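[1] Sequence first, then the predicted structure, then my questions.
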Amino acid sequence: MRKLPALVVPSAAVLAALLAASAAPAADLKVGAPAPDFTLPSASDGKAVALKDLLAKSKAVAVVFVATKCPVSNAYNTRMAALGKEYAAKGIPLVGINSNKTEPAAEVKAHAEKHGFTFAVLKDEGNRIADAYGATKTPEVFVIDPKGNLIYHGRIDENQDDPQNVKSPDLRNALEAILSGRPVPTAETKAFGCTIKRV
Amino acid sequence: MRLLLRTLLSAAALVALARPASSEPVKLVKPEQYRARVVAAKKGRALLVNFWATWCDPCREEMPALVAAARGFSSKDLAVALVSTDTLKKTPEVQKFLASLRIPFVCWQAKSPDPQRFIDAVDTTWSGAVPYTLVYDRKGNLVARLAGPQTERSFGEAVRKALAPGS
């Protein structure tokens, strides 16, 4: 086993900080609870995007934690692009957040352009917003109503392999319920995908 | 002659122990079969079940630690099973990865049109994030949940807990 030079052995404090950074997020945001506000820069042009500004002019906002390299998140790129376009026109914008430390803003921008995302993808440096939401995976969705409360949390749908054969379009069901003034039928599902790379 | 034969057999057994066997073919398991096929079948030994996926970097990275931890226990005391949460079209990749590392554990692959059904059948408290490891005692009782990547030491500690008298 290789020995680390004494100078680079981390102190207890540094170790504690590293462990905290790699630990699971403390937040456990429940459906019905107020969703944390955020203002983050868009990966494409650096302009700040604030959740409260979007909520002020929308019927709801769908926040999706995404990745550039995760095969599961990437399996949903076409679906996210289509949902983003369709529901923005209906008054529910989709907003992507990339919290992966391993994926810089330039890469996030190129990925969004390549896959035709018309929605903003925001860069969450230091994964502060992922921590505040308790987001752990990509893709993972949080839908927020105009009052700022969480009304859907979970997956886009159950079938990552075959968009033509989806049996449980959970995000779409939630958005349609919001548009028609009904309660979201299934407000909590289990998102599946890659872990958000916090370290 | 008998002594020589016995010595050769012992040496062969030691070599077999030191070198993991080639990976067995991956077997499919439905949500409703998990308890009976994966857990109950191993009663009498502690059982460590590691949930992973080929696309999950931390899962692949922790696999050597799991192999090393398992080597610290007799196969009379501990069984290890892997459960891949890859979709079924990825079965060849699952097999290829296991073969490349000569992973010596039986590997199941979740067969469920809806992943949430499988997640809930395994453990309702599980978010579905991988890697995820469950450790059962000799009676099949769940004694440890390990969320996220583990080390040889943390795997070993969980197994020792499952093997502890009274567990």
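    Looks like it arrived, so ask away. Numbering: from 1, shown residues only, chains lettered A, B, ... in the order given.
[2] contacts, neighbours, all on C-alpha from now
    Noted.
[3] what about the strands in the chain?
    Looking at chain A here, since you left the chain open. With DSSP state E as the criterion, chain A has strands at A:39-41, A:48-50, A:61-65, A:94-98, A:121-123, A:137-138, A:140-144, A:150-154, A:194-195.
[4] if you could check chain B rather than the one you did, that'd help
    Using DSSP E, strands in chain B cover B:27-29, B:46-52, B:78-84, B:106-110, B:132-136, B:142-147.
[5] do you know which of the strands of chain A lies nearest chain B?
    Chain B sits nearest to strand A:194-195 of all the strands of chain A, at 6.2 Å, using CA to the nearest CA.
[6] anything in that closest one sitting right up against chain B?
    Yes - residues of strand A:194-195 contacting chain B under CA under 8 Å from any CA of the partner chain: A:C194, A:T195.
[7] just checking, what packs against that strand?
    helix A:71-75, strand A:137-138 (3 or more CA pairs under 8 Å, 6 or more residues apart in numbering or on different chains; DSSP states H and E).
[8] Point me to the residue of chain B nearest chain A.
    Per CA to the nearest CA, B:D114 is where chain B lies closest to chain A, at 5.4 Å.
[9] neighbours around that residue, how many?
    16 (other CA atoms under 10 Å in any protein chain shown).
[10] nearest residue to it other than its sequence neighbours?
    Of all residues not flanking B:D114 in the chain, A:E158 sits nearest, at 5.4 Å (CA to CA, 6 or more residues apart in numbering or on different chains).
[11] That neighbour touches A:V166, doesn't it?
    Yes - if you go by CA atoms under 8 Å, A:E158 and A:V166 touch, sitting 6.7 Å apart.
[12] Overlap in contacts, the two.
    Shared contacts of A:E158 and A:V166, defined by CA atoms under 8 Å, 6 or more residues apart in numbering or on different chains, are absent.
[13] who has more neighbours, those two?
    A:E158 (23 against 15).
[14] Now do the contacts for the more buried one.
    A:V166, A:K167, A:S168, A:P169, A:D170, B:P113, B:D114, B:P115, B:Q116.
[15] Give me the lowest-pLDDT entry from those residues.
    Taking those together, the minimum pLDDT is found at B:P113 (89).
[16] can you list the residues of chain B near chain A?
    Chain B comes close to chain A at residues B:W55, B:C56, B:T87, B:P113, B:D114, B:P115, B:Q116, B:S127, B:G128, B:A129, B:V130, as judged by CA under 8 Å from any CA.
[17] Output the below-cut-off pLDDT ranges for the chain.
    The chain I'm using is chain A. Chain A contains residues with pLDDT under 70 at A:1-27.
[18] Let me rephrase: I mean chain B.
    Looking at chain B by pLDDT under 70, you get B:1-23, B:167.
[19] Helices of that one, start to end?
    B:2-18, B:57-71, B:91-100, B:115-122, B:152-163 (DSSP state H).
[20] possible to save the ones you listed as JSON lines with mean neighbour count?
    Formatted as JSON lines, these follow (neighbours: other CA atoms under 10 Å in any protein chain shown):
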{"stretch": "helix B:2-18", "mean neighbour count": "11"}
{"stretch": "helix B:57-71", "mean neighbour count": "18"}
{"stretch": "helix B:91-100", "mean neighbour count": "16"}
{"stretch": "helix B:115-122", "mean neighbour count": "19"}
{"stretch": "helix B:152-163", "mean neighbour count": "19"}
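[21] any chance of these in JSON lines, plus distance to A:T78?
    Below are the helices of chain B laid out as JSON lines (distance: least, CA to CA, whole Å):
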{"stretch": "helix B:2-18", "distance to A:T78": "48"}
{"stretch": "helix B:57-71", "distance to A:T78": "24"}
{"stretch": "helix B:91-100", "distance to A:T78": "24"}
{"stretch": "helix B:115-122", "distance to A:T78": "20"}
{"stretch": "helix B:152-163", "distance to A:T78": "39"}
